[in-house]
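Q: Dropping a prediction and its sequence here:
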Amino acid sequence: LAKTTQPISMDSYEGQEVNITCSHNNIATNDYITWYQQFPSQGPRFIIQGYKTKVTNEVASLFIPADRKSSTLSLPRVSLSDTAVYYCLVANDYKLSFGAGTTVTVRA
Amino acid sequence: DAGVIQSPRHEVTEMGQEVTLRCKPISGHNSLFWYRQTMMRGLELLIYFNNNVPIDDSGMPEDRFSAKMPNASFSTLKIQPSEPRDSAVYFCASSNIEGEKLFFGSGTQLSVL
């Protein structure tokens, strides 16, 4: 399993853009990068997945440099409801390792 | 679709009792996962089923834990006998393609006294 490293916590204010960078230096050729979001008392929820370059959906953007040794999840104009734990995962099969994630706290 | 459905939402039991957690995956999904989440260890994969067959149970902590999937729409995770250290939130998740996104249930908060 490719090991990932991401910040333990980040603080932000409403309306700001939040960027969470995840390091995965030993990512394998066939690994995908996936981000999940978890609110208190709920199960994790899929946000976005990518292999290389940039992926964007209605919730977030995922930037992956050419060497794929890191990735950055970008949350545009966050609101209080975006306060959650964000997990970066790298895998090509069912063996997902969630790690500790990044606790993002959005303040008014 | 109602999503992945787990029951009960909360379970409080005494040490030594049998506990059964239930999961209904999303219709059409052929992969089912059981995870356990604690503050100390985070989210741990306990067991993975594909097409109702257990593929990987290496995460099951010990023989007190067992899981079954008798059909495509139902799975159980049983702990017998339960111990206080089993207290955690247990999540069930399903997906329709291995490696693709997982859909998690709301979890079962288990407290063993």
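A: Arrived safely.
Q: Enumerate the residues of chain A near chain B.
A: A:32, A:34, A:36, A:41-46, A:49, A:87, A:91-96, A:98-101 (C-beta under 8 Å from any C-beta of the partner chain). Yep, even glycine has a C-beta here, placed from its N, CA and C like the rest.
Q: Please repeat the previous calculation with a cut-off of 10 Å.
A: A:30-32, A:34, A:36, A:38, A:41-49, A:85, A:87, A:89, A:91-101 (C-beta under 10 Å from any C-beta of the partner chain).
Q: Filter the residues you listed down to the buried ones.
A: Buried by 16 or more other C-beta atoms under 10 Å in any protein chain shown: A:31-32, A:34, A:36, A:38, A:43-49, A:85, A:87, A:89, A:91, A:94, A:96-99, A:101, out of these.
Q: Give me the distance between B:Ala67 and A:Tyr51.
A: Plainly put, B:Ala67 is 32 Å away from A:Tyr51 if you go by C-beta to C-beta, to the nearest Å.
Q: Look at these two and report which has more neighbours.
A: More crowded of B:Ala67 and A:Tyr51, by other C-beta atoms under 10 Å in any protein chain shown: B:Ala67, with 20 against 14.
Q: in chain A, what residue is nearest chain B?
A: A:Gly43 (2.8 Å; C-beta to the nearest C-beta).
Q: Now do the contacts for the residue nearest to that residue when sequence neighbours are not counted.
A: Nearest non-adjacent residue to A:Gly43, counting by C-beta to C-beta, 6 or more residues apart in numbering or on different chains: B:Phe104, 2.8 Å away. B:Phe104 makes contacts with A:36, A:38, A:42-46, B:3-4, B:6, B:33, B:35, B:43, B:91-94, as judged by C-beta atoms under 10 Å, 6 or more residues apart in numbering or on different chains.
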